[in-house]
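>>> task: produce atomic coordinates for the following.
(chains A and B)
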Amino acid sequence: MTMPALTLPGKTPNAARPRRLRRPLDERLLYGACVLVPVVALVLFFLLPLGTIVWRSVLEEEGGVGLANYLALFQTPGILRAVGNSLLVGGATTVVCLLLGFMVAYAVQRTRIPGKRFVAAALSLPLLAPSLVLGLGLIFLLGRNGLVSNLIGTRLNIYGFPGLLIANVLYALPQAVLIIQAALRQSDARYYDAAEVMGATRLQQFFGITLPNVRFGLLSAGFVVFTVTITDFGNAVTIGGDFSVLATEIYNQVTGQMRFGIGAAVGILLLLPTGIAVYIERVAAQRQFGTASESALPPVPDYVPVRDIPLFLASMTLALSIVAVVATVVFASFVRLWPYRLDLTLKHYSITLSGGYDPLWTSLAVSAGAAAIGTALLFALVLGLRRMPPGVAKAVYLLAVLPVGVPGLVLGLSYIFAFNLAGTPLHMLYGTVLLLALCNFYHYHTQGFLTMVTGMRAVPPALEEAASCLGGGVLRVLGDVVVPVMVPTLLSVFFFLFMRSMVTLSAIIFLVTPSTNLAAVTVMRLDEAGFVSQAAAFSTCIMAAVAAAALAMRGALALATRRKAA
Amino acid sequence: MDLQIKNLLKTFDGFVALDRINLTVEEREFVCLLGPSGCGKTTLLRIVAGLMPYDTGELRMGGRDLGAVPARDRGFGIVFQSYSLFPNMTVAENIGYGLKIRKAPGDRIAARVKELLELIKLPQLADRYPWQLSGGQQQRVALARALAVDPSLILLDEPLSALDARVRADLRAEIRDVQRRLGIPTIMVTHDQEEALTLADKVVCMNHGLIEQVGTPQDLYLRPRTRFVADFMGSSNLLPTGWVRDAMPHLLPGRPDGAENAYEACVRPERIAVAPAADGEGRVIDLTFLGNIRRLRLSWRGRELLAETHQDPGVGPGATVDVSVAAEACAWVRA
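Purely as a prediction, here's the structure:
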């Protein structure tokens, strides 16, 4: 009972083939351009860089093609240690995140604990901030000069593995929870009714039905967490200390020692875990086709004290920890000398690093650019795809979902290779706000594309046809039928791209130049220079901007849906 | 063992879902709970299964009070409309699940699964997963899964509603066959009167949380006691007492005593005889061809009547006809 994602029209025998209806020229031109422009952009700003990094990884220093760069990886002691450390911290983070993530997802989805909304809100906090904010907060709380060290009188050492593990867990947990929660949602109350009548106890139902049915969710959450962790940059820099990991090591190799070949080889190796994750998700999606029946009733949990009370306490502890870490950063930014002199001041908000608040404005410009360009291109692409022959549509669809398999770190690296070469026409883009915006857009291309596809499904074709039959031209139909239905989707995609662009660090870290510095990078530089309170202040500004964007999105969405209802 | 339900009351926030229900399911009996959606039939089934608590009343299985027995200890089997096979298990694992829970030895499970796969005629599908099966196959497997633990009672919650007409008819015959062969008492919920008529030993017609009538399929069809049952069990002509007194006085002797509006005469369309007659009192309004039967709308003595015949009545719209109803063709129902 599997269904292809895109259905092919039945083959009509040649003799009986009806004459193809020719659409008016303006319509064909419009839809053609709608697909062509985004696809060309995808090729230029995604496929081409990716191709370049593959090429560079096999291009040996003396010229010639071979695997020397990959072999060199194993002979560079720094890299080898960093790989080991990354695998260690990535593995540990994955295990902890899966355990905690499953616990929280289960508590929210399948129990009757109070305060689910608070837990969900707390867990979305890390998504609104650059990853290094968590590292920063942990240092304020548990660092040598942290609140806890100060209270108990011994100097804790949070730097290195333990701090990095905690920061990574807090950062990756929300993503794990989202995936596992989605998997837990895919169920039917009847499974449990049937098992109950057949004599299974709660525990037997949990291990026999609940757990096996989320195994793909757990697997894909695991790979996502692992990838996010080993390619994350911010926490490694802030709280990693001497514990060198792959992300920082590549950064040093490429931007410090100009060893591009090795950087490229590591980038290619980093494609493996995400590649596997994406593959698993596809398999899981196919597996679930058959089970997701339309008549499925969501399981309604009942109150089981022995299960719900411990889960409530654990989820709350976790949610409060996240809130505490983020809130500490905000609080510390207003305090004269953390944690010794707690009187409030705004002095950390005068940034002493060169450029001051310029990077924040640059970030806003980049994010607005990424959001505007991205929303326009994605809308055009999805609009045009509906009119393409199935074969073409399928190919373009595959291309459009490909970027999810490329971690930001690898994308950033590949942009260096593709755009930092003097003498190519694309070189003039290097160091511009536009390139940063494009990099961020293609980093999050897949999520935006899928949201847009889902939104476009809500446009009733009958309405479009009715408008055409009434004599509306293409633009008329677009403006009167398609756009009004799509407004909430367009808003969602716009703000999603904006907010992600504001906080991401892993891709653009390779692309910033002194004239186009970005907010998240500035936080990192301030922290590196020892201005932790200023770093906190700058982080607070970023979070405020993102929170304002989130609020604006909610307001705009509410407005859009109200206008539609009226 | 028999199941006894006494004065069972179930409310949801003050709304009475089941109003003091009394019902017995005898050994080997196939009982259908029939009624429109919202009549309480599924609620009753879920309470019997133990999946829902009840307010007051008594539920006994072979004399044992089930009130305090959780669903998992009742030893029943259940099949739902939406198949609800465990998606993570193969067909064989699904069927063997109940036995595995009971810690039966592996070879016994395997033997029982094989036996049941033969019973449902799907021995070749043991290693498939549910999503690889058709709806009808999934429902067969669900039935086998319910039978695997030798349940003392089988509960079927609209098991055929999600299937195509053809598959539904096949599976209906199969369920009936298996139930008769194994002799396990069975309760089935359905809103399809044809299903209830063909399957049940005893039909329980429900409406608004009350039992309207309990009886054999023949009872309910030929001798409905309320207007609701008459209406729900197929089409009928419901005739007010006053009109019957004038137009068909020969039907009156069977009428129970009661106020003029308390009872109506129910005459099934196939019990109205129509014959062409040049000077007939009746006139054909229109005629619909439905394959095996023909349906006529007639105007006769100031009323519109519905008649059905298997033969060609030899008349067309506008023709005059004689209309007659035999005295025993009428059932008096509470209005």
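>>> only C-alpha atoms from now on, for both contacts and neighbour counts.
Will do.
>>> pick out the residue nearest the middle of the chain.
Here I'm looking at chain A. The centre of chain A sits closest to A:Tyr444, judged by C-alpha atoms, centre = their mean, with a distance of 6.4 Å.
>>> my question was about chain B, not that one.
Central residue of chain B (C-alpha atoms, centre = their mean): B:Ala196, at 2.6 Å.
>>> ignoring the adjacent residues along the chain, who's closest to that residue?
B:Cys32 (5.7 Å; C-alpha to C-alpha, 6 or more residues apart in numbering or on different chains).
>>> check contacts around the one you found.
B:Cys32 is in contact with B:187-190, B:196, B:199-204, counting by C-alpha atoms under 8 Å, 6 or more residues apart in numbering or on different chains.
>>> how far out from the middle of the chain is the longest helix along chain B?
Longest helix in chain B by number of residues (criterion: DSSP state H): helix B:165-182. Here helix B:165-182 is found 14 Å from its chain centre; the criterion is C-alpha atoms, centre = their mean, to the nearest Å.
>>> which residues are contacting it?
B:28, B:30, B:136, B:140, B:160-161, B:185-186, B:195, B:199.
>>> of all those residues, which comes closest to A:Ala327?
If you rank the contacts of helix B:165-182 by distance to A:Ala327 using C-alpha to C-alpha, B:Ser161 comes first, at 54.9 Å.
>>> show me what counts as buried in the helix or strand containing A:Val546.
Per DSSP states H and E, A:Val546 falls inside helix A:532-565. Buried residues in helix A:532-565, counted by 16 or more other C-alpha atoms under 10 Å in any protein chain shown: A:532-543, A:545-547, A:549-550, A:553, A:556-557, A:560.
>>> then stretch A:506-518?
Counting neighbours by 16+ other C-alpha under 10 Å, one finds that the buried residues in stretch A:506-518 are A:506-512, A:516-518.
>>> show the pLDDT at A:Ala221.
The per-residue pLDDT reported for A:Ala221 equals 88.
>>> so which helix or strand takes in it?
helix A:215-231.
>>> mind giving me the packing neighbours of that helix?
On a contact count with 3 or more C-alpha pairs under 8 Å, 6 or more residues apart in numbering or on different chains; DSSP states H and E, helix A:215-231 meets helix A:77-110, helix A:161-185, helix A:246-251, helix A:260-291.
>>> mean confidence for the longest one?
It refers to helix A:77-110. For helix A:77-110, the per-residue pLDDT averages 92.
>>> likewise the shortest one?
Confidence for helix A:246-251, expressed as mean pLDDT, is 85.
>>> and that helix, how far out from the chain's middle?
Its chain's C-alpha centre and that of helix A:246-251 lie 20 Å apart, by C-alpha atoms, centre = their mean.
>>> can you list the domain ranges for the chain.
In the absence of a named chain, this looks at chain A. For chain A, the structural domains run A:24-52+A:359-517, A:76-128+A:154-315, going by automatic domain parsing.
>>> hmm, no, I was thinking of chain B.
Domain ranges of chain B: B:3-223, B:235-334, per automatic domain parsing.
>>> can you say which of the ones you listed is packed in most?
Ranked by mean neighbour count under mean count of other C-alpha atoms under 10 Å in any protein chain shown, these are led by domain B:3-223, which reaches a mean of 19.
>>> where's the dip in pLDDT among the contacts of helix B:165-182?
For those, the least confident position by pLDDT is B:Ser161, scoring 88.
>>> for that residue, list the residues it contacts.
When contacts are counted by C-alpha under 8 Å, 6+ apart, B:Ser161 touches B:81, B:168, B:190.
>>> just send those back as CSV, with distance to A:Leu127 and pLDDT too.
Output for the contacts of B:Ser161, formatted as CSV (distance: C-alpha to C-alpha, whole Å; pLDDT from 0 to 100):
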residue, distance to A:Leu127, pLDDT
B:Gln81, 42, 87
B:Arg168, 51, 91
B:Thr190, 49, 94
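>>> which of the residues you listed sits closest to B:Ala148?
Nearest member of the contacts of B:Ser161 to B:Ala148, counting by C-alpha to C-alpha, is B:Gln81, at 18.7 Å.
>>> any idea how far A:Ser468 lies from A:Arg476?
Here the criterion is C-alpha to C-alpha, to the nearest Å. By it, A:Ser468 lies 9 Å from A:Arg476.
>>> can I take it that B:Cys205 is in a helix?
No - applying DSSP: H, G, I helix; E, B strand; the rest coil, one finds B:Cys205 to be strand, outside a helix.
>>> nearest spatial neighbour of it, skipping sequence neighbours?
Spatial nearest neighbour of B:Cys205, chain neighbours left out: B:Leu34 (4.8 Å); criterion: C-alpha to C-alpha, 6+ apart.
>>> so that neighbour sits against B:Lys202, correct?
No - in this structure B:Leu34 lies outside contact range of B:Lys202 using C-alpha atoms under 8 Å: 10.4 Å.
>>> so what sits against both of the two?
Taking C-alpha under 8 Å, 6+ apart as the contact rule, B:Leu34 and B:Lys202 touch no residue in common.
>>> sorry, back to before: give me phi/psi at the residue nearest to the centre of chain A?
Per-residue torsions, A:Tyr444: phi -110, psi 20 (degrees, to the nearest 10).
>>> next, the contact list for it, please.
If you count contacts by C-alpha under 8 Å, 6+ apart, A:Tyr444 has them with A:403-404, A:497, A:500.
>>> flag whichever of those scores worst on pLDDT.
Lowest confidence among the contacts of A:Tyr444: A:Val404, with 83.
>>> what about it, neighbour count?
18 (other C-alpha atoms under 10 Å in any protein chain shown).
>>> how about chain A: which residue is closest to chain B?
Residue nearest to chain B within chain A: A:Gly199 (3.7 Å; C-alpha to the nearest C-alpha).
>>> output the contacting helices and strands for the helix or strand of chain A with the lowest mean pLDDT.
Lowest mean confidence among the helices and strands of chain A (mean pLDDT, DSSP states H and E): helix A:260-291, at a mean of 74. Using 3+ C-alpha pairs under 8 Å, 6+ apart, the elements in contact with helix A:260-291 are helix A:48-58, helix A:68-75, helix A:215-231, helix A:408-419.
>>> who does the helix or strand harbouring B:Arg60 pair up with?
Taking DSSP H and E as the criterion, B:Arg60 maps to strand B:56-61. Strand B:56-61 has the following sheet partners, assigned by DSSP bridges: strand B:3-12 (antiparallel), strand B:64-65 (antiparallel).
>>> and those as a markdown table, adding distance to A:Ala194 and mean pLDDT?
Putting those into a markdown table (distance: least, C-alpha to C-alpha, whole Å; pLDDT from 0 to 100) gives the following:
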| stretch | distance to A:Ala194 | mean pLDDT |
| --- | --- | --- |
| strand B:3-12 | 20 | 94 |
| strand B:64-65 | 22 | 92 |
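>>> can I get these in CSV including distance to A:Ala121?
Formatted as CSV, those follow (distance: least, C-alpha to C-alpha, whole Å):
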stretch, distance to A:Ala121
strand B:3-12, 33
strand B:64-65, 47
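>>> what sits against residue 197?
Because you didn't say which chain, this covers chain A. Contact analysis of A:Val197 by C-alpha under 8 Å, 6+ apart lists B:49-51, B:71-78.
>>> that's the wrong chain, I wanted chain B
Taking C-alpha under 8 Å, 6+ apart as the contact definition, B:Leu197 lies against B:203, B:217-218.
>>> and which of the residues you listed is nearest to A:Tyr251?
Using C-alpha to C-alpha, the contacts of B:Leu197 come closest to A:Tyr251 at B:Val203, 77.0 Å.
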